[in-house]
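A.B. asks: can you look at this prediction? I've put the sequence above it.
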Amino acid sequence: LNRTNIDNRIAAGLMGRQDSGELPKVEDFIGNLVYWIILLFTIVAVLQSLQLEVVSRPLGGFLNTVIGFIPRVLGAAIILGIAWVIATLVKLVTTRGLRAARVDERLDQRPPQAAGTTQPPNQLSLTDTIGNALYWFIFLLFLIPVLDTLGLQQALRPVENLVNQILLILPNILAAVLIAAAGWLLATIVRRIVTNLLASTGLDQAGTRFGLRRTARGQSLSGIIGTIVYVLILIPVAIAALNALRIEAISAPAISMLQQILNALPAIFTAALILILAYFLGRFVADLVTNILSSIGFDNIFSVLGLPAPARRRTGVSPRYPDPQVTPPTTGQQTVIQSDSSTTMQLVTRTPSEIAGTVVLVGIMLFAAVTAVNILGIPALTALISGIIVIFGRILAGLVVFAIGLFLANLAYSIITSSGNSQARILGQIARISIIVLVSAMALQQIGIAQDIVNLAFGLLLGAIAVASAIAFGLGSRDIAGQQVRELLESFKQQRNLPPRV
């Protein structure tokens, strides 16, 4: 056995392993078995020569049983050998055929040598998995005649029932696999056709103009649409495959879930179409609003309201340090500057017209989202988006009120300071602050932020200002008031001292 290496090949085939170092030592087991059988024959022969019938009869009966069982073992071994030959041929043909068809590459289940990645030693590719499954299935089929040959009827019945159930469900499994494979092939072909057709029509470039750029994983707009079509084809294919499987415990819940998804697809597509149309319409309206506001001078709104204008977008190399590799001197903590082809000199900001256009786009998308969610029939999400729209409107109204108040405050300050009075600047600042405080309270009340607290704080503030003004006026005019009171008392006394009229 050591010289022929047949035992190792049989053990490797039975164990499904390729490494001979992990195989059991079959030759040692067979050698020990033959040794003990010959030794038993020798012992029986010696006992019979010594005429010790009492001891030799049990051993002789045991050897007769073993000798009578040897033909059955040989028959079972021959059947196992035939099964091994057939299983090996089927496995070899299957694995080579699947590798020739490049099934692993098409399903992205390539082995690590082809994919260039590391893989655990016990992990097999899809091709090897299918080959091993067929290999052991053939052994399972031949297990029935092996057990029948050995006369193990108690072990034969469960195996027969198992094989019969497998053979009964095997046509359903094959039908489900064929349906799934055909559907997958059709979905793959349709996805490639749709993706290439949309890419050739320039959809990716059109999506880039509207802000729909390629994703981080390199998925373009045409690829996303192709994937959606791919999934839509696979859903009815999966339902048909599960129906062909005819296993209610597995197919019924899965079919119910897929059927619900399939029934919800029209509403999902309608909602998605509404959002897409709203986005395109919103972009158009936002650009239109931005251009109109820019043409009427809305970008100067900050100067009109008396606010400092934000810095505009400027990119380029700083003139003080024209070389990007040169780091400007630092004081205190060390500053690390990452050099690039150009350095940003000022923060990137948007003009008021662009901000207004973005607000218009967000508003249109929110209203479209309400309509889309109503179509989907999700009340909780509808209430949430409706609440967001209400808050959004309140914030816009509050900002408008505050902007009008700032304009009126600056206007009042300009009118008062233009009078030329010596106290005009102080009075102008008082008027400006008063108007700003008033419109701030009105804006917060319009937004709806703690209305009772805002009203109370505003009332207390006005009351405090009135009391402070009264106290200041009283303390400032104390001497004048005292003089007036004294003059009034003196005039009263003089009138009392005058003689009565006759």
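C.D. replies: Yes, it's here.

A.B. asks: now for Ile247, how many residues are close by?
C.D. replies: The number of residues packed around Ile247, counting by other C-beta atoms under 10 Å, is 13. Quick note: C-beta positions are derived from backbone N, CA and C, even for glycine.

A.B. asks: sorry, slip of the keys, the one I care about is Met257.
C.D. replies: 12.

A.B. asks: touching, Asn243 and Leu258? I think so.
C.D. replies: No - using C-beta atoms under 8 Å, Asn243 makes no contact with Leu258, being 10.6 Å away.

A.B. asks: give the contact list for Met365.
C.D. replies: 275, 278-279, 282 (C-beta atoms under 8 Å, 6 or more residues apart in numbering).

A.B. asks: which of the residues you listed sits closest to Asp479?
C.D. replies: Gly282 (68.9 Å; C-beta to C-beta).

A.B. asks: just checking, next helix/strand downstream of the helix or strand encompassing the closest one?
C.D. replies: Per DSSP states H and E: Gly282 is located in helix 248-295. Counting by DSSP H and E, the next helix or strand C-terminal to helix 248-295 is helix 301-304.

A.B. asks: run through the stretch 51-200 of the chain and note the low-pLDDT ranges.
C.D. replies: Along the stretch 51-200 of the chain, the parts satisfying pLDDT under 70 run over 54-56, 106-124.

A.B. asks: do that again at 80, thanks
C.D. replies: The model of the stretch 51-200 of the chain has pLDDT under 80 over residues 51-70, 101-126, 150-156.

A.B. asks: if I read this right, Ala424 contacts Ile415, doesn't it?
C.D. replies: No - applying C-beta under 8 Å as the test, Ala424 and Ile415 come out as separate, 9.6 Å apart.

A.B. asks: more neighbours: these two, which one.
C.D. replies: Ala424 (15 against 12).

A.B. asks: let me see the contact set for the more buried one.
C.D. replies: Applying C-beta under 8 Å, 6+ apart, the residues near Ala424 are 416-418.

A.B. asks: so where is the stretch 201-350 of the chain shaky, pLDDT-wise?
C.D. replies: 201-222, 245-252, 254-255, 258, 262, 297-350.

A.B. asks: return the subset of the contacts of Ala424 lying in helices.
C.D. replies: 416-417 (DSSP state H).

A.B. asks: now do the contacts for Gly97.
C.D. replies: Going by C-beta under 8 Å, 6+ apart, the list of residues near Gly97 is empty.

A.B. asks: may I ask which helix or strand encompasses it?
C.D. replies: Short version: Gly97 belongs to helix 53-100, going by DSSP H and E.

A.B. asks: turn the contacts of Met365 into CSV, including neighbour count and distance to Thr201.
C.D. replies: Listed next are those as CSV, based on neighbours: other C-beta atoms under 10 Å; distance: C-beta to C-beta, whole Å:
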residue, neighbour count, distance to Thr201
Leu275, 16, 22
Ala278, 20, 23
Tyr279, 17, 20
Gly282, 22, 24
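
A.B. asks: give me the buried subset of the contacts of Ala424.
C.D. replies: When those are checked for burial by 16 or more other C-beta atoms under 10 Å, the buried set is 416-417.

A.B. asks: of Asn243 and Leu258, which one has the most company?
C.D. replies: Leu258 (17 against 14).

A.B. asks: nearest residue to that one other than its sequence neighbours?
C.D. replies: In space, Leu258 comes closest to Ile239 once its chain neighbours are excluded; the distance is 5.1 Å by C-beta to C-beta, 6 or more residues apart in numbering.

A.B. asks: can you give me the neighbour number for that neighbour?
C.D. replies: Ile239: 21 neighbours (other C-beta under 10 Å).

A.B. asks: make residue 1 into 28 and carry on from there
C.D. replies: In the new numbering, first residue 28, that becomes Ile266.

A.B. asks: who's in contact with it?
C.D. replies: Counted by C-beta under 8 Å, 6+ apart, Ile266 has contacts 282, 285-286, 289.

A.B. asks: out of those residues, which is most surrounded?
C.D. replies: Ile282 (19 neighbours).

A.B. asks: from Ile196, how far out is that one?
C.D. replies: Relative to Ile196, Ile282 is positioned 17 Å away (C-beta to C-beta, to the nearest Å).

A.B. asks: could you list the domains of the protein?
C.D. replies: With domains defined by automatic domain parsing, the chain comprises 28-140+152-178, 480-523.

A.B. asks: looking at the ones you listed, which is buried most?
C.D. replies: Mean neighbour count, computed with mean count of other C-beta atoms under 10 Å, is highest for domain 28-140+152-178 among those, reaching a mean of 14.

A.B. asks: off-centre distance for it?
C.D. replies: Relative to its chain's centre, domain 28-140+152-178 lies at 51 Å (C-alpha atoms, centre = their mean, to the nearest Å).

A.B. asks: list the residues that contact Asn199.
C.D. replies: The contact partners of Asn199, taken as C-beta under 8 Å, 6+ apart, are 271-274.

A.B. asks: could you redo the last one with a cut-off of 10 Å?
C.D. replies: 270-274 (C-beta atoms under 10 Å, 6 or more residues apart in numbering).

A.B. asks: for the residues you listed, which one is nearest Pro406?
C.D. replies: Asn270 (33.6 Å).

A.B. asks: now name the helix or strand holding that closest one.
C.D. replies: Per DSSP H and E, Asn270 falls inside helix 248-272.

A.B. asks: give me the angle between that helix and helix 275-322.
C.D. replies: Put simply, helix 248-272 runs at 160 degrees to helix 275-322, going by axes from the mean of the first three to the mean of the last three C-alpha atoms, to 10 degrees.

A.B. asks: for helix 248-272, list every residue counted as buried.
C.D. replies: Of the residues in helix 248-272, those buried (16+ other C-beta under 10 Å) are 248-253, 256-257, 259-262, 264-269, 271-272.

A.B. asks: wait, is Gln78 part of a strand?
C.D. replies: No - under the criterion used here (DSSP: H, G, I helix; E, B strand; the rest coil), Gln78 is coil, not part of a strand.

A.B. asks: how near is Leu74 to Ile65?
C.D. replies: Applying C-beta to C-beta to Leu74 and Ile65 gives a distance of 15 Å.

A.B. asks: and Ile492, by the same measure?
C.D. replies: Taking C-beta to C-beta, one finds Ile492 at 121 Å from Ile65.
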